[in-house]
Structure formats: structure tokens, C-alpha cells
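Novice: dropping the sequence and predicted coords here.
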Amino acid sequence: PRGPPPPPHPKPLEVFDMASALAPTNIAVVKYWGKDAARGGNTPINSSASLTLDPNDLRAETVMVASPELRSDELYLNGRKVDVKGDGTHAKRLRR
């Protein structure tokens with residue numbers, strides 16, 4: 001498998017599956033978003049500029065680990081554990 005090992009866990013996992021994905025970073029600048037009900041609400045009225053950065057320099061990486069040894073969902077962002085049980089943004093998105 002590609003990517004780093006699973007995040008730190010109270011005891012090392014003996015059995016796990018891991019998948020990872022890399023995506024380049026894209027920066028887009030839109031001059032103005034206007035209201036246009038005929039086109040679905042907020043839409044770009046003026047042209048925009050977009051720049052994709054070199055994925056060797058800056059990229060987004062996601063790693064997913066599944067194991068029968070894990071008893072609950074865990075989310076780590078930038079090496080820090082994030083609450084997925086409360087009402088925070090990440091918890092709400094995971095429950096969609």
C-alpha cells in the first residue's frame with residue numbers, strides 16, 4: 001500500500017486495509033459571485049482564474065484505514081485527532 005502507516009493507535013493494529021489518494025492543490029479566484037435564480041442561485045458572473053500547483057511541492061493526501069480491531073470511527077487531520085462524535089463540522093460531514 002502507498003502512503004504513511006496508520007495514525008497512532010493505543011495498540012498497533014495487527015490486521016488492517018489501507019487506501020490512499022493524492023490530489024494536486026488548485027487555487028481559483030473568482031471576481032464576483034452574483035445571484036442568478038435562472039442558473040441555480042450563486043453563479044460566477046465574471047470569468048475566473050485558476051492555478052494548479054505542482055503536486056510534488058504541495059498536494060492533499062488522504063489515507064483511510066479499516067480494521068476489525070477498530071471499534072469506532074477516528075479522524076486525524078495534520079496528525080491531530082479530530083472529534084467525530086460531537087456537533088463539530090467534521091462530525092456532521094461524516095454523518096451525512
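Specialist: It's in. Predicted model only: the values in this text are computed from it and were never measured.

Novice: quick one, helices of this structure?
Specialist: 89-94 (DSSP state H).

Novice: tell me the centre residue of it?
Specialist: Computing the C-alpha centroid of the chain and ranking residues by Cα atoms, centre = their mean puts Thr62 first, at 6.3 Å.

Novice: residues in a beta bridge with that one, which ones?
Specialist: Ala21 (DSSP bridges).

Novice: if I look at it, how far off is Ala23?
Specialist: The gap separating Thr62 from Ala23 is 8 Å, by Cβ to Cβ, to the nearest Å. Where you see a C-beta, it was placed from the backbone N, CA and C, and this is true even at glycine.

Novice: surely the residue nearest to the centre of the chain touches Ala21?
Specialist: Yes: assessed by Cβ atoms under 8 Å, Thr62 is found in contact with Ala21 at 5.1 Å.

Novice: so His90 touches Arg80, yeah?
Specialist: No: the criterion here is Cβ under 8 Å, and His90 misses it with Arg80 at 11.3 Å.

Novice: so if I had to pick from the two, which one is more boxed in?
Specialist: Taking other Cβ atoms under 10 Å, His90 and Arg80 do not tie; His90 has more neighbours (13 against 8).

Novice: tell me the contacts of the more buried one?
Specialist: Neighbour list for His90: Leu75, Leu77, Val82, Asp83, Val84 [criterion: Cβ atoms under 8 Å, 6 or more residues apart in numbering].

Novice: what's the local residue count around the last one?
Specialist: Which is Val84. Val84: 16 surrounding residues under other Cβ under 10 Å.

Novice: and it, its phi and psi?
Specialist: Here is the backbone geometry of Val84 (degrees, to the nearest 10): phi -120, psi 10.

Novice: surely it and Leu77 touch.
Specialist: No: Val84 lies out of contact with Leu77 (Cβ under 8 Å); the separation is 10.8 Å.

Novice: could you measure from the residue of the chain positioned farthest from its centre over to Glu61?
Specialist: What lies farthest from the middle of the chain is Ala38; by Cα atoms, centre = their mean that is 31.4 Å. The gap separating Ala38 from Glu61 is 39 Å, by Cβ to Cβ.
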